[in-house]
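Asks: With the sequence up front, the predicted model follows.
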Amino acid sequence: MHPQHRQDNRNKGDRNHRRRNAIAAGGTMLSFMLTYQDTLYLVTKLGALGLVLLACWLVPKLEHQKGHT
């Protein structure tokens, strides 16, 4: 294996190890880096929350309009 690849793999393992330790220590991470999966999860949750809030805002308006027709 090329020495640079070994160094990259060692750094990746070290980063994951630090991340697991930080999460186990209470969830606070000073060197927090979002991965693609983390970003996708957050965007999905925020999108779902946005849809629920939009529905909660629109439904009373639609119900109110029905009474006037």
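Replies: Received it, and whenever you're ready, just let me know what you need.
Asks: Roughly how far does residue 48 sit from residue 42?
Replies: Distance, residue 48 to residue 42, by Cβ to Cβ, to the nearest Å: 11 Å. Where you see a C-beta, it was placed from the backbone N, CA and C, and this is true even at glycine.
Asks: Quickly list the domain ranges of the chain.
Replies: According to automatic domain parsing, the chain comprises the domains 1-31, 34-69.
Asks: averaging pLDDT over each of these, which comes out lowest?
Replies: Among these, domain 1-31 has the lowest mean pLDDT, at a mean of 57.
Asks: Could you look up the SS state of residue 33?
Replies: Secondary structure assignment for residue 33 (DSSP: H, G, I helix; E, B strand; the rest coil): coil.
Asks: So for it, what's the pLDDT?
Replies: pLDDT recorded at residue 33 is 81.
Asks: Tell me how many other residues crowd it.
Replies: 8 (other Cβ atoms under 10 Å).
Asks: Please apply the same query to residue 56.
Replies: Neighbour tally, residue 56, other Cβ under 10 Å: 9.
Asks: before we move on, what about residue 64?
Replies: 9.
Asks: go on, residue 51?
Replies: Neighbours of residue 51 under the rule other Cβ under 10 Å: 10.
Asks: what about it, which helix or strand?
Replies: helix 36-66 (DSSP states H and E).
Asks: Just the buried residues of that helix, please?
Replies: In terms of neighbour count (16 or more other Cβ atoms under 10 Å), helix 36-66 has no buried residues at all.
Asks: Not counting residues beside it along the chain, what's closest to residue 42?
Replies: Nearest non-adjacent residue to residue 42, counting by Cβ to Cβ, 6 or more residues apart in numbering: residue 34, 7.6 Å away.
Asks: number of nearby residues for that neighbour?
Replies: Quick note: residue 34 (other Cβ under 10 Å) scores 10 neighbours.
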